[in-house]
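Undergrad: what follows is a protein structure lacking sequence information:
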């Protein structure tokens, strides 16, 4: 069964306070992460929007990867005891 999580959040990236839509879904070949900016900070350029979206996606991806590593380590540890 494929799961999907969607969240619309007010996030701050550096001095940029914007609203982002974050969607994470399981696919047959992996996990899909989709980050879009739904309400950009006033005066933010197109390049600035792309940098902010990329930075938020990178942070979420790193967090998910770290959580996966920790969960797998805990599972291996619990099986060895």
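TA: Thanks, I have it. Note that the structure is a prediction, hence the values are computed from the model and not measured.

Undergrad: only C-alpha atoms for contact and neighbour calcs from this point on.
TA: Noted.

Undergrad: helices or strands next to the longest strand along the chain in the packing?
TA: Counting residues, the longest strand in the chain under DSSP state E turns out to be strand 16-27. Contact here means 3 or more Cα pairs under 8 Å, 6 or more residues apart in numbering; DSSP states H and E; on that basis strand 16-27 packs against strand 4-13, strand 30-39.

Undergrad: burial check on residue 23, number of neighbours?
TA: 15 (other Cα atoms under 10 Å).

Undergrad: who is the residue nearest to residue 35 when sequence neighbours are not counted paired with across the strands?
TA: Take residue 35 and drop its neighbours on the chain: the residue closest to it by Cα to Cα, 6 or more residues apart in numbering is residue 22, 4.7 Å away. Listed by DSSP bridges, the beta-bridge partners for residue 22 are residue 7, residue 35.

Undergrad: could you tell me the least trusted of the helices and strands packed on strand 16-27?
TA: Mean pLDDT is lowest for strand 4-13 among the helices and strands packed on strand 16-27, at a mean of 70.

Undergrad: how far off centre is it?
TA: Distance, stretch centre to chain centre, for strand 4-13: 8 Å (Cα atoms, centre = their mean, to the nearest Å).

Undergrad: same check, this time on stretch 33-53
TA: The chain centroid and the centroid of stretch 33-53 are separated by 14 Å, computed with Cα atoms, centre = their mean.

Undergrad: okay, how far is it across that stretch, tip to tip?
TA: Distance between the two ends of stretch 33-53: 12 Å, counting by Cα to Cα, to the nearest Å.

Undergrad: list the buried residues for that stretch?
TA: Neighbour counts over stretch 33-53 (16 or more other Cα atoms under 10 Å) mark 33, 35-37, 40-41, 49, 52-53 as buried.

Undergrad: and the two most separated of these?
TA: Across these, the longest distance by Cα to Cα is 22.1 Å; it joins 33 and 41.

Undergrad: separation between the spatially most central residue of the chain and residue 5?
TA: Nearest to the geometric centre of the chain sits residue 60, at 3.1 Å (Cα atoms, centre = their mean). With distances taken as Cα to Cα, residue 60 is found 13 Å from residue 5.
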